[in-house]
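1. Quick one: sequence plus predicted model below, questions after.
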Amino acid sequence: MKPTILLSLLLIVLQVHSGYGGKDSVQEKLVSSIDDFAFKFSKHITSRQGARNIFFSPMSISMAFSLVGMGAKSNTQKQIYKGLGLNSIDTSKIHAGFQEFLKALTSSKHEGTVNIGNGLYLAKGIKIATKYNKDLQSFYKSEIFAVNFKDNVVAEKQINDYVKDNTKGKIPEVVKGLDPNSMMVLVNYIYFKDEWQDPFDPENTEKKDFFVDERTTVKVDMMQKNGYFRHVRDEQLSCWVLELPYKGGAVAWFILPDKGKLKKVEDGLQGKTLSKWRKSFQTGKQFYLSIPKLSMATSYDLKDLLSGLGISEVFTPKADLTGITGGGKLKIDRASHKALLDINEKGTEAAAAVFMSSGVGAAPGPPPIPLNFNRPFLFSIMASVDGPMLFMGKTVNPVQP
């Protein structure tokens, strides 16, 4: 059986409450900004949770809050785009940039399966501003639904069924205990499924040691294979970067810091780092790759994390989201993000949700270079070699719940 990569990821839900008185192309800048946000967000998670696994979708979080920013004004909007790292790009071009990403990712020409979009649920009787309604559908592939939040059980089922359908069942329940006083719920989802160009052979998987730290070693299932992979050796950051391509055009980057250099790599990662790597990838060297099968489940309080990154006003009564309804005071009451990941010989499966209340085979020659991911490492899934980062993760302990 051909191993497959199954990657189903992300969903963002926002629930908003009322009741308060070329080389410099936009696409390249947007890609770099999403990369920057991913690293900044990852570092902030680490500062809060310490040495634990990380997994999230910077693409979905950026898209969802950019969508909110489109209806924000004054300081609320400034904070959102500055926190996302998008403040150097004209706001209208930001929305056009996400529109182009959506078109490219969901095009019939894209060989992999990518499903990405947004669903906006409004309380019956709430009207959305005409311009916001038009832009929401035009730029962000959004569907708009009227829902009776007072009957929160029915509303929950409607939202959960929508998310379940659009993530191929990977997220069966994103909303639980929905506040009957909700005025608006925004769902952003992304589902990705593809196969490795050169799959792993399950017969080569073996139990081996993974060194979590100097005191902790765990046994993991290591997938293994020889191959010629695009790679970068970054001496400045003291790490290897290895690229594994998918058949549909997406790529996975696995970043292996030298022993004891994880923090150095994390501290040094920026959008321009990835730009440098993209220009520096090499081929011609044969590697013997060992990488663990992974299974993760993560959950994050976005209200807490994003407030720490400067996106705070949108969660307070000072929020100015009048561009969404044309008037009235709204704020985001709660925001959370959940993600699931499973990587094995057949591939990868993942799912995530945010809830806001408002190579080639071996050949004769020199022996292959061993590249053993048997210590903490980072990884990311790119829409393409030069495309936006869909998902980012850090593996500290492959058997960590």
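-> Great, that's in hand.

2. pretty sure Asn160 contacts Val174?
-> Yes - using C-beta atoms under 8 Å as the test, Asn160 is close enough to Val174 to be in contact (6.0 Å). The way it works is simple: take the backbone N, C-alpha and C, and place the C-beta from them, glycine included.

3. These two: who's more crowded?
-> Val174 (25 against 20; other C-beta atoms under 10 Å).

4. State the distance from that one to Ile61.
-> Separation of Val174 from Ile61 (C-beta to C-beta, to the nearest Å): 15 Å.

5. same thing with Gly83?
-> Remark: distance between Gly83 and Ile61 (C-beta to C-beta) = 10 Å.

6. Could I get the phi/psi values of the residue positioned nearest the centre of the chain?
-> Geometric centre of the chain, nearest residue: Ser57, 1.1 Å, by C-alpha atoms, centre = their mean. Main-chain dihedrals, Ser57, degrees, to the nearest 10: phi -120, psi 100.

7. can you give me the helices for the protein?
-> 26-49, 58-70, 74-83, 91-105, 130-140, 152-166, 262-268, 271-280, 302-308, 322-325 (DSSP state H).

8. Give the rounded mean pLDDT of the first one.
-> Put plainly, it is helix 26-49. If you average the pLDDT over helix 26-49, you get 92.

9. Report the backbone C-alpha coordinates of that helix in PDB.
-> C-alpha atoms of helix 26-49 as PDB (Å, rounded to 0.1, in the frame of the first residue of the first chain):
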ATOM      1  CA  VAL A  26       2.500  41.700  -1.800                       C
ATOM      2  CA  GLN A  27       2.400  37.900  -1.900                       C
ATOM      3  CA  GLU A  28       6.000  37.600  -0.900                       C
ATOM      4  CA  LYS A  29       5.600  40.200   1.900                       C
ATOM      5  CA  LEU A  30       2.500  38.300   3.100                       C
ATOM      6  CA  VAL A  31       4.300  35.000   3.100                       C
ATOM      7  CA  SER A  32       7.200  36.500   5.100                       C
ATOM      8  CA  SER A  33       4.700  38.100   7.500                       C
ATOM      9  CA  ILE A  34       2.900  34.900   8.100                       C
ATOM     10  CA  ASP A  35       6.300  33.200   8.700                       C
ATOM     11  CA  ASP A  36       7.300  35.900  11.100                       C
ATOM     12  CA  PHE A  37       4.000  35.600  13.000                       C
ATOM     13  CA  ALA A  38       4.400  31.800  13.200                       C
ATOM     14  CA  PHE A  39       7.800  32.100  14.900                       C
ATOM     15  CA  LYS A  40       6.700  34.900  17.200                       C
ATOM     16  CA  PHE A  41       3.600  33.000  18.200                       C
ATOM     17  CA  SER A  42       5.600  29.800  18.800                       C
ATOM     18  CA  LYS A  43       8.100  31.600  21.000                       C
ATOM     19  CA  HIS A  44       5.300  33.100  23.000                       C
ATOM     20  CA  ILE A  45       3.700  29.700  23.500                       C
ATOM     21  CA  THR A  46       7.100  28.400  24.700                       C
ATOM     22  CA  SER A  47       7.400  31.300  27.100                       C
ATOM     23  CA  ARG A  48       4.000  30.300  28.600                       C
ATOM     24  CA  GLN A  49       4.100  26.500  28.600                       C
END
